[in-house]
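*Asks:* need a 3D model of the following:
(one chain, ligands or ions: 1)
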Amino acid sequence: MKKLPLLLLVLFLIISCNDKTSNEKIKTKRTPNSFAIVIHGGAGGIKPAYFTETQQEAYTQKLEEALNAGYKVLENGGISLDAILAAINIMEDSPLFNAGKGAVYNSDGNQEMDAAIMDGNTLNAGAVAGVNHIKNPILAARMVMDSSKHVLLSGKGAEIMAKKYGIEMVDSAYFFTEKRMQQLKKLQGKEITTLDHTAFLIKNELIDDHKYGTVGAVAIDKNGNIAAGTSTGGMTNKKYGRIGDVPIIGAGTYANNLTCGISATGTGEYFIRTVAAHEVSNLIKYKNYTPSKALNEVLFNQIGSLGGEGGMILIDKHGDVYWDFNSSGMFRGYKKSNGESKIAMFEKTN
Ligand code: ASP
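*Replies:* Sure thing, here's the model as predicted:
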């Protein structure tokens, strides 16, 4: 009988040692005044063969620019909410990503953008859905959080309020890009013959579409407050009026100082059905899962087994950075006050 506690301890140690999830983990305990930011620019069929060196360089540079902008806010003592806005704004202004300027088209040939932000300190949140005259939808999400008693505003109502609060408005023509229009035409005009989980092969032609260039950021500031935000054009050829996971708090975006902040990217419907970001937070909170194990459980066992694909970035209450994805790649990067930083696109390597 006396041997039982010892046996349990040994068992616990064995299980802990075997808890090797497939995701990356960047381990550093949070020291006072430390801070960190992690960003993503979408996940999906992202493989070296699909990108020229020049394209890879362009993505790397833009991710670096976004990371540095967010990092600078934190370094200067700014709050995590401002840091993620700074980072996301830069990616929204770039045609490389499916958010803001680079948003994809819906089946009617229009663009409808979604964005959300959440403050892990207060659990305040704001989101907009289906907007197409707001240059930076993430700013409108912040406005909804700060200046209304609501959490989610859609379409015209969101745009009227954004205009009233002085947020930069643009003609929808601002969002036009030839590349996204071509992607829509290809998807609409040709019959899909193969789906291999990483890319659509349409009449033997690889369609540069099965990757989800949504952008997102999570940061923890010097005070230990966590914020998360996500911005997207949604999915190419989506139905008019379709709203994805991004503005659904708890699905594509979530932050709670007691656990972590999360921003997701991928096939939004699956992230909604699994309430993905909140599920990860709950596994950490109620089941004592490590962030790695929680991400793995939700991405592979829940979303993956339903047929969904994508990834998530996470910062936990200790300031540790995590990410994982069940697709072939994810544009991603992090930067921490202890000097660690990384930018990556393809498969998971530490
Ligand atoms: N999750 C986004 C959506 O479904 C798409 C993406 O991540 O690219 O709207």
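*Asks:* which neighbouring elements make contact with whichever helix in the chain runs longest?
*Replies:* With DSSP state H setting the assignment, residue counts place helix 53-75 as the longest helix in the chain. Secondary-structure packing of helix 53-75 (3 or more CB pairs under 8 Å, 6 or more residues apart in numbering; DSSP states H and E): strand 36-44, helix 80-92, strand 215-220, strand 329-336, strand 341-344. (Each C-beta comes from the backbone N, C-alpha and C, glycine too.)
*Asks:* the fourth one pairs with which strands, parallel or anti?
*Replies:* For strand 329-336, the pairing partners within the sheet under DSSP bridges are strand 36-44 (antiparallel), strand 341-344 (antiparallel).
*Asks:* buried ones in it?
*Replies:* 329-336 (16 or more other CB atoms under 10 Å).
*Asks:* get me the contact residues on this structure for the ligand.
*Replies:* For the chain, the contact set with the ligand under CB under 6 Å from any ligand atom comprises 42, 98, 212-214, 232, 234-235, 244-246, 252, 265-266, 268.
*Asks:* for residue 82, state which of these is nearest.
*Replies:* Nearest to residue 82 out of the residues of the chain next to the ligand is residue 246 (CB to CB; 19.9 Å).
*Asks:* thinking the closest one is in contact with residue 230, fair?
*Replies:* Yes - with contact defined as CB atoms under 8 Å, residue 246 and residue 230 form a contacting pair (4.6 Å).
*Asks:* can you give me the helices for the chain?
*Replies:* Using DSSP H, the helices found in the chain span residues 3-17, 53-75, 80-92, 137-147, 155-164, 178-189, 268-273, 276-287, 291-296, 305-306.
*Asks:* can you put those helices in a markdown table and add mean pLDDT and distance to residue 313?
*Replies:* Below are these laid out as a markdown table (pLDDT from 0 to 100; distance: least, CB to CB, whole Å):
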| stretch | mean pLDDT | distance to residue 313 |
| --- | --- | --- |
| helix 3-17 | 55 | 24 |
| helix 53-75 | 97 | 12 |
| helix 80-92 | 98 | 11 |
| helix 137-147 | 98 | 15 |
| helix 155-164 | 98 | 25 |
| helix 178-189 | 87 | 24 |
| helix 268-273 | 97 | 13 |
| helix 276-287 | 98 | 10 |
| helix 291-296 | 98 | 9 |
| helix 305-306 | 96 | 21 |
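*Asks:* by how many degrees do the longest helix of the chain and strand 329-336 diverge?
*Replies:* With axes from the mean of the first three to the mean of the last three CA atoms, to 10 degrees applied, the angle from helix 53-75 to strand 329-336 works out at 30 degrees.
*Asks:* next, the buried residues of helix 53-75.
*Replies:* 59, 62-64, 66-71, 73-74.
*Asks:* try stretch 260-275
*Replies:* Neighbour-count burial for stretch 260-275 flags 260-272, 274-275 (criterion: 16+ other CB under 10 Å).
*Asks:* nearest residue to residue 308 other than its sequence neighbours?
*Replies:* Nearest residue to residue 308, sequence neighbours excluded (CB to CB, 6 or more residues apart in numbering): residue 270, at 2.6 Å.
*Asks:* isn't the one you found up against residue 306?
*Replies:* Yes - using CB under 8 Å, residue 270 is in contact with residue 306, at 5.4 Å.
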